[in-house]
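> sequence plus the predicted model coming up.
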Amino acid sequence: MPIRCLTFALALVASVASATGMNPASESAEPSRAPIAIALHGGAGTIRREDLTAEREAAIRGALEEAARAGHAVLGEGGPAIEAVTAAIVILEDAPEFNAGRGAVLTAEGRVEMDASIMTGHDLQAGAVASVRGIRHPILAARAVLEHSPHVMLVGRGAERFAESRGLQFMPEEWFVTEFRTEQLRRIREDAEASLAPEDRWYSTVGVVALDRDGNLAAGTSTGGTSNKQWGRVGDSPIIGAGTYADNRACAVSATGDGEYFIRWAVAHEICARVRLGDEELDAAADAVVHDVLVEAGAGGGVIAMDPGGRIAMPFNTPGMYRASIGTDGELDIRIYADPDD
Ligand code: ASP
């Protein structure tokens with residue numbers, strides 16, 4: 001890191017610590033008392049009980065649990081929030097039920113083009129990749145951009161070359177393609193004029209937010225974007241401030257939904273700005289953006305958000321959102337639907 005950036009990062013860490021009343025030195029002196037928490041989403045959308053087979057629902061719940069526990073284990077050992085976020089997302093990227101990594105949606109040409117981003121809240125460092133092919137874990141490519149490049153976002157072939165130079169794993173394109181997504185694309189192509197059938201509006205992008213023992217937040221998001229996308233379309237997921245944001249002074253957010261709206265309303269940053277500048281509580285800020293701002297704009301979707309105390313908000317304005325959390329009480333909670341019986 002150039003000296004100028006390092007100086008800025010150190011100054012930011014100090015100002016964030018004083019703004020939040022945190023003292024990193026004393027936090028690490030008493031690690032067992034500091035709260036840790038993790039929250040995950042596997043996408044929001046038209047998720048209804050009648051459309052999900054028991055096997056698919058079990059697979060989704062199983063992957064959410066595995067990812068939540070893996071991320072939480074990192075935090076429990078005193079690991080950093082960025083490590084917990086990546087540990088959880090790589091599991092969801094490998095799970096074919098989600099629209100990220102293997103199982104990602106297909107473009108109009110029947111290809112898999114993936115986007116991912118990650119951000120750390122103590123220094124506002126961020127990394128993102130967009131429109132990448134063949135990288136098994138796009139979230140690791142985003143993290144490599146954060147940690148090993150002077151840039152925030154790399155796209156397409158350049159991003160792939162960078163990932164190669166960092167020794168990341170590549171898989172043949174067929175490895176990413178599932179029968180479920182092939183069938184989904186076939187249905188959409190058959191009726192190009194029609195809007196997506198309800199069962200195709202399962203966004204199933206994945207995202208994770210975490211708080212570590214040092215009081216640091218991180219957020220990450222990974223996706224294949226939207227089915228049948230064309231012309232190199234990129235959504236909100238790899239865009240810092242839209243699909244992903246983390247700032248220790250406010251909160252960490254990962255979003256899922258109609259990406260074009262999430263970009264224009266700068267959803268993830270908007271929630272953090274309301275907390276930091278508008279003095280809103282996390283759940284009030286997240287609810288207002290998801291249920292008022294986005295609904296008024298005509299956008300479907302949801303977010304997971306966490307504040308520096310480990311409080312979690314998971315609002316969504318669609319029939320369901322795959323989600324899981326292990327809060328500061330250590331309790332695992334997994335849900336899919338909106339109804340309170342879930
Ligand atoms: N937000 C993503 C996009 O527009 C889609 C999703 O959430 O699944 O690319």
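Right, received. Where do you want to start? Residues are numbered from 1 along each chain as shown.

> and stretch 166-183, how far apart are its ends?
Length of stretch 166-183, first residue to last, Cα to Cα, to the nearest Å: 34 Å.

> neighbouring contacts of that stretch?
96, 101-106, 110-112, 133-137, 140-141, 144, 148, 160, 163-164, 227 (Cβ atoms under 8 Å, 6 or more residues apart in numbering). Where C-beta positions appear, they are placed from N, C-alpha and C, glycine not excepted.

> just checking, residue 82 touches residue 121?
No - using Cβ atoms under 8 Å, residue 82 is not in contact with residue 121; the gap is 9.5 Å.

> so which of the two has more stuff around it?
residue 121 (30 against 27; other Cβ atoms under 10 Å).

> quick check: phi and psi at the more buried one.
Backbone geometry at residue 121, expressed as degrees, to the nearest 10, gives phi -80, psi -10.

> which ones are touching it?
16, 81, 216, 217, 218, 219, 246, 247, 248, 249, 252, 308.

> mind redoing it with 7 Å?
Contacts for residue 121 (Cβ atoms under 7 Å, 6 or more residues apart in numbering) come out as 216, 217, 218, 246, 247, 248, 252.

> quick check on the contacts of stretch 166-183: which are buried?
Neighbour counting with 16 or more other Cβ atoms under 10 Å marks 96, 101-106, 112, 133-137, 140-141, 144, 160, 163, 227 as buried within the contacts of stretch 166-183.

> okay, the nearest residue to residue 114 once chain neighbours are set aside: pLDDT?
Nearest residue to residue 114, sequence neighbours excluded (Cβ to Cβ, 6 or more residues apart in numbering): residue 138, at 4.5 Å. On the pLDDT scale, residue 138 is placed at 98.

> over to residue 48?
78.

> residue 225 now?
96.

> shouldn't it be in contact with residue 233?
Yes - using Cβ atoms under 7 Å, residue 225 is in contact with residue 233, at 6.3 Å.

> neighbour count: the two, which is higher?
Ranked by neighbour count (other Cβ under 10 Å), residue 225 and residue 233 place residue 225 first, with 27 against 17.

> the more buried one: what's it in contact with?
Residues near residue 225 by Cβ under 7 Å, 6+ apart: 105, 113, 115, 233, 234, 235.

> cool, residue 53 as well?
Contacts for residue 53 (Cβ under 7 Å, 6+ apart) come out as none.

> which phi and psi does it have?
Backbone torsions for residue 53, taken as degrees, to the nearest 10, come to phi -70, psi 160.

> nearest to residue 71, out of the contacts of residue 225: which one, please.
residue 115 (20.5 Å; Cβ to Cβ).

> secondary structure class for the closest one?
Secondary structure for residue 115, judged by DSSP: H, G, I helix; E, B strand; the rest coil, is strand.

> list the contacts for the nearest residue to it once chain neighbours are set aside?
Sequence neighbours aside, residue 238 is the residue nearest to residue 115 in space, at 3.9 Å (criterion: Cβ to Cβ, 6+ apart). Neighbour list for residue 238: 115, 116, 117, 128, 129, 130, 153 [criterion: Cβ under 7 Å, 6+ apart].

> report pLDDT for residue 238.
Looking at residue 238, its pLDDT stands at 98.

> for it, what are phi and psi?
Backbone torsions of residue 238, given as degrees, to the nearest 10, read phi -90, psi 0.

> for it, give its distance to residue 78.
With distances taken as Cβ to Cβ, to the nearest Å, residue 238 is found 29 Å from residue 78.

> repeat for residue 140
Residue 140 is 21 Å from residue 78, by Cβ to Cβ.

> got the residues of the stretch 201-342 of the chain near the ligand?
Residues of the stretch 201-342 of the chain lying near the ligand by Cβ under 6 Å from any ligand atom: 203-205, 223, 225-226, 235-237, 256-257, 259, 262.

> can I get the residues you listed in CSV with secondary structure and distance to residue 303?
Below are these laid out as CSV (DSSP: H, G, I helix; E, B strand; the rest coil; distance: Cβ to Cβ, whole Å):
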residue, secondary structure, distance to residue 303
203, coil, 12
204, coil, 15
205, coil, 11
223, strand, 14
225, coil, 18
226, coil, 18
235, coil, 14
236, coil, 11
237, coil, 12
256, strand, 7
257, strand, 8
259, helix, 13
262, helix, 9
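
> reformat those as JSON lines; add distance to residue 177.
Listed next are those as JSON lines, based on distance: Cβ to Cβ, whole Å:
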{"residue": "203", "distance to residue 177": "18"}
{"residue": "204", "distance to residue 177": "15"}
{"residue": "205", "distance to residue 177": "17"}
{"residue": "223", "distance to residue 177": "16"}
{"residue": "225", "distance to residue 177": "15"}
{"residue": "226", "distance to residue 177": "16"}
{"residue": "235", "distance to residue 177": "20"}
{"residue": "236", "distance to residue 177": "24"}
{"residue": "237", "distance to residue 177": "20"}
{"residue": "256", "distance to residue 177": "21"}
{"residue": "257", "distance to residue 177": "24"}
{"residue": "259", "distance to residue 177": "21"}
{"residue": "262", "distance to residue 177": "26"}
